[in-house]
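> show me how the following folds:
(2 chains)
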Amino acid sequence: MFRHKFDPSSVIAALIFLGIAIRYLVEGFGGNRVPYSGAVPSIIIAIVLIIVLRCAFRSRRRHDP
Amino acid sequence: MNEESVPPPGPEPASDAGAEADPRPGTRADAEPDAQDDVPAGHRRLTRSHEGRLITGVCAGLARYTRIDAIVFRVGFALLVIATGLGILLYIAAFLLMGAPDGGPSRIEKAGKRVFDGDTALALLGATLAVLVVFNIVGNWGSGDALAVVVVLSLTLLVARSRGVDLVQLTRSLPDRIKGRPLSSWTPSAPAQAAPRQADGMIDLARLGRRTDAYAPGPYAPGPSTTGPSTTGPSTTGPYAGAPPAPGPHPTPPYPPTETDDPYGQYPTDPYGTNPYAKGPYAADTAPPYRPADSPYLRRRRRSYLTVLTLLTAALVAAVLYDVVDDRPNLTWLQVVIAGALAVVAVGLFLGAWFGRDHKLVLVGAIMSFALASTSIAGNAAVARKTHHMMWRPAATTQAEQSHKVLVGQGVVDLTTVPLSPGQRLQVSAEVMLGVLAVRVPSTARLEVDGHAYIGDITVDRQVTSGPRARVNRVLEPERQTPGGAPTIVLHLRSKVGDMEVTRVPA
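Got it, this is the predicted structure:
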């Protein structure tokens, strides 16, 4: 079905980005700014998580036969 | 399985009804006789269990499948329910996903007309838990509830890993696994056979072992194929001990580790240490087809336009959103525009997970996320005070005419303390890179404002000018005339990312 090997890190990154986008869209259309206290640490942690998973799956792919 | 070789089971001291009514938490469900114990690992199914159940047998079924005490699952579900209510959703998902206690297909399998093996069902449950946790903790970092669900998920992953589950490989194979097998190909397994018991009710381990040891050669081997000699040499036990390999039809191991049985290659193959392609009397008739390995150097990469198309779509969406929300103040227009584009990038990553070629999209998404975070930082006075707070209160015109720069944070230039003589002209410049800049001027002075904000708002005497590259050129006359002419303050204000505000303070 898929000619490419499934990459879960892309799905996780997509989920995280989608969550961030939805949060900002909701607040933005409501005329509010997303508060710093909740948003910025969440985004930083999310980006770190994405990078870690990306590296993990990329390195695994390298060792795949 | 060769059931004829099994000695007749002993008396059954406990009835099924009694077992179903057993509400004891933490009952070792794996003590229950399980027909699936005799099934190859690749074909075991995850089913609910009546034995030791409390509600619907979900936890008991999980315990029987994983051979972990049911109380562990009950505590995990209870923790998730108490913390965020996720446990209820997860329990419902498990109920729908797990097969019936009699081995029948689950509701999801009936609806999708596909049958999953147990590992796939368990992996789907784990994925459901992970997705629920992610959605629960988005925007809720740091709370106790979020910490609880993250701990449960982390422990689940750690336990799975400690039990030999290759999480990465399992996740990769999930798209293939969820295709499952057609429901029409599924046949009900043999009914569960109770463990043989002795007269005093104790399980007869000797008979149980003879019955379930599929690989044991000898007269009690469950299959006719296992009674034959090994292909690697003479048998060392049983009636064929020391006998040379006999010619004849190729013997079949009890569970030949074929690709069909183990499509994901996660179980140890070749339990006899045999090689199906070995030479000798049992060698395969035909050699396996030669399949050259793909060379990483010669592998061709087809061009993909996924990233380009995604970025073009994101730009298009951003342009449309900008046109819609252009008039919104306080940088909310900017966060809507970036968030819309980020949503498109997320969709591109979804596609890229299956079709590949999502190069650079993660990088683009990360940059956009940081840009969104910067909109939360910019203009937030509380944040600015946390990071950097500059206050200028010049007592002389020479001090006031110095440059006032704020790199990150909040800066306040208070010009009400500057002694100004009638007709005097004062040039003040102030700049902020990221943050907030506030300028306070006396209302008795004539004010000339030249403001330019790259991203951010400019507020002059309660009049807001928004937008990228906002420009303000205003002249405010003094509120009351002074003899000899009012002094003039010329403000040059610049901002990269952040808001600027000019306030007139009555004398």
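
> rest of the way, CA atoms for contacts and neighbours
Noted.

> for the closest residue to residue B:503 other than its chain neighbours, list the residues it contacts.
Nearest residue to residue B:503, sequence neighbours excluded (CA to CA, 6 or more residues apart in numbering or on different chains): residue B:440, at 4.9 Å. Applying CA atoms under 8 Å, 6 or more residues apart in numbering or on different chains to residue B:440 gives the contacts B:412-416, B:502-505.

> so which residue is dead centre in chain A?
residue A:13 (2.8 Å; CA atoms, centre = their mean).

> find the helix or strand that that one is a member of.
Residue A:13 belongs to helix A:8-29 when assigned by DSSP states H and E.

> that helix near chain B at all?
Yes - Helix A:8-29 is in contact with chain B by CA under 8 Å from any CA of the partner chain, via A:8-11, A:13-25, A:27-29.

> so residue A:55, which of the three states?
helix (DSSP: H, G, I helix; E, B strand; the rest coil).

> wasn't residue B:165 part of a helix?
No - Residue B:165 is assigned coil when assessed by three-state DSSP, not a helix.

> angles on the backbone of it, please.
Phi and psi for residue B:165, reported as degrees, to the nearest 10, are phi -80, psi 130.

> shaky segments in the chain?
I'll assume chain A. Applying pLDDT under 70 to chain A picks out residues A:1-5, A:58-65.

> hmm, no, I was thinking of chain B.
By pLDDT under 70, the low-scoring segments of chain B are B:1-43, B:137-145, B:186-304, B:326-330, B:356-357, B:359, B:378-388.

> residue B:472 and residue B:454 touch, don't they?
No - counting by CA atoms under 8 Å, residue B:472 stays clear of residue B:454, with 11.8 Å between them.

> how about residue B:454, nearest residue that isn't a chain neighbour?
Distance criterion CA to CA, 6+ apart; nearest residue to residue B:454, sequence neighbours excluded, is residue B:469 at 4.2 Å.

> which ones are touching the one you found?
Counting by CA under 8 Å, 6+ apart, residue B:469 makes contact with B:452-455.

> among these, which are in strands?
B:452-455 (DSSP state E).

> so which of those wins on neighbours?
Among the ones in strands among the contacts of residue B:469, residue B:453 has the most neighbours (other CA atoms under 10 Å in any protein chain shown), with 26 neighbours.

> tell me how far that one lies from chain A.
19 Å (CA to the nearest CA, to the nearest Å).

> who are the packing partners of the helix holding residue A:13?
helix A:36-63, helix B:332-355, helix B:361-377 (3 or more CA pairs under 8 Å, 6 or more residues apart in numbering or on different chains; DSSP states H and E).

> just those helices: most buried one?
Mean neighbours per residue, mean count of other CA atoms under 10 Å in any protein chain shown, is largest over the helices and strands packed on helix A:8-29 for helix B:332-355, with a mean of 26.

> export that one as PDB, just CAs?
Only the C-alpha atoms of helix B:332-355 are listed here, as PDB (Å, rounded to 0.1, in the frame of the first residue of the first chain):
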ATOM      1  CA  THR B 332      -3.600  38.300  17.000                       C
ATOM      2  CA  TRP B 333      -3.800  38.600  13.300                       C
ATOM      3  CA  LEU B 334      -0.200  37.400  13.100                       C
ATOM      4  CA  GLN B 335      -0.800  34.400  15.200                       C
ATOM      5  CA  VAL B 336      -3.800  33.500  13.100                       C
ATOM      6  CA  VAL B 337      -1.900  33.700   9.900                       C
ATOM      7  CA  ILE B 338       1.000  31.700  11.200                       C
ATOM      8  CA  ALA B 339      -1.200  29.100  12.800                       C
ATOM      9  CA  GLY B 340      -3.200  28.600   9.700                       C
ATOM     10  CA  ALA B 341       0.000  28.000   7.700                       C
ATOM     11  CA  LEU B 342       1.200  25.600  10.500                       C
ATOM     12  CA  ALA B 343      -2.000  23.600  10.200                       C
ATOM     13  CA  VAL B 344      -1.300  23.100   6.500                       C
ATOM     14  CA  VAL B 345       2.300  22.000   7.300                       C
ATOM     15  CA  ALA B 346       0.900  19.500   9.800                       C
ATOM     16  CA  VAL B 347      -1.300  18.000   7.100                       C
ATOM     17  CA  GLY B 348       1.700  17.800   4.900                       C
ATOM     18  CA  LEU B 349       3.500  15.900   7.600                       C
ATOM     19  CA  PHE B 350       0.600  13.500   8.000                       C
ATOM     20  CA  LEU B 351       0.800  12.700   4.300                       C
ATOM     21  CA  GLY B 352       4.600  12.500   4.500                       C
ATOM     22  CA  ALA B 353       4.400   9.900   7.200                       C
ATOM     23  CA  TRP B 354       3.000   7.400   4.700                       C
ATOM     24  CA  PHE B 355       4.300   8.600   1.400                       C
END
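
> and that helix with helix A:8-29, angle?
160 degrees (axes from the mean of the first three to the mean of the last three CA atoms, to 10 degrees).

> residue B:69 against residue B:63, yeah?
Yes - when contacts are counted by CA under 8 Å, residue B:69 is listed as touching residue B:63 (5.5 Å).

> still on that earlier bit, residue contacts, the residue nearest to the centre of chain A?
Contacts of residue A:13 (CA under 8 Å, 6+ apart): A:50, B:346, B:349, B:362.

> ok, back up a step: closest to residue B:397 out of the contacts of residue B:440?
For the contacts of residue B:440, the minimum distance to residue B:397 (CA to CA) is 9.3 Å, reached by residue B:415.

> quick check: phi and psi on the residue nearest to that closest one when sequence neighbours are not counted?
Nearest residue to residue B:415 in three dimensions, chain neighbours excluded: residue B:441, at 5.1 Å (CA to CA, 6+ apart). When quoted as degrees, to the nearest 10, the phi and psi of residue B:441 stand at phi -130, psi 150.

> give me the beta-bridge partners of residue B:441?
Residue B:441 has the following beta-bridge partners by DSSP bridges: residue B:504.

> distance check, it against chain A.
Residue B:441 is 28 Å from chain A, by CA to the nearest CA.

> just checking, that residue touches residue B:418?
No - look at residue B:441 against residue B:418 with CA under 8 Å: they stay out of range, at 9.3 Å.

> what about these two, which has more around it?
residue B:441 (23 against 18).

> got the contact list for that one?
Listed by CA under 8 Å, 6+ apart, the contact set of residue B:441 reads B:414-416, B:502-505.

> try 10 Å this time
Residues in contact with residue B:441 (CA atoms under 10 Å, 6 or more residues apart in numbering or on different chains) are B:413-418, B:447, B:489, B:491, B:502-507.

> ok, now residue A:56?
Shown in contact with residue A:56 (CA under 10 Å, 6+ apart): A:9, A:50, B:168.

> between the residues you listed, which is nearest residue B:426?
residue A:50 (52.1 Å).

> kindly export the helix holding residue A:13 (C-alpha atoms) in PDB.
Extracted in PDB, the C-alpha atoms of helix A:8-29 (Å, rounded to 0.1, in the frame of the first residue of the first chain):
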ATOM      1  CA  PRO A   8       5.800   7.600  13.100                       C
ATOM      2  CA  SER A   9       7.900  10.700  14.000                       C
ATOM      3  CA  SER A  10       6.200  12.600  11.200                       C
ATOM      4  CA  VAL A  11       2.800  11.700  12.500                       C
ATOM      5  CA  ILE A  12       3.800  12.800  16.000                       C
ATOM      6  CA  ALA A  13       5.200  16.000  14.700                       C
ATOM      7  CA  ALA A  14       2.000  16.600  12.700                       C
ATOM      8  CA  LEU A  15      -0.100  16.000  15.700                       C
ATOM      9  CA  ILE A  16       1.900  18.400  17.800                       C
ATOM     10  CA  PHE A  17       1.900  21.100  15.200                       C
ATOM     11  CA  LEU A  18      -1.800  20.600  14.600                       C
ATOM     12  CA  GLY A  19      -2.400  21.000  18.300                       C
ATOM     13  CA  ILE A  20      -0.300  24.200  18.400                       C
ATOM     14  CA  ALA A  21      -2.000  25.600  15.400                       C
ATOM     15  CA  ILE A  22      -5.500  24.900  16.600                       C
ATOM     16  CA  ARG A  23      -4.700  26.500  20.000                       C
ATOM     17  CA  TYR A  24      -3.500  29.700  18.400                       C
ATOM     18  CA  LEU A  25      -6.200  29.800  15.800                       C
ATOM     19  CA  VAL A  26      -8.900  29.500  18.400                       C
ATOM     20  CA  GLU A  27      -7.400  32.200  20.600                       C
ATOM     21  CA  GLY A  28      -6.600  34.400  17.600                       C
ATOM     22  CA  PHE A  29     -10.100  34.300  16.200                       C
END
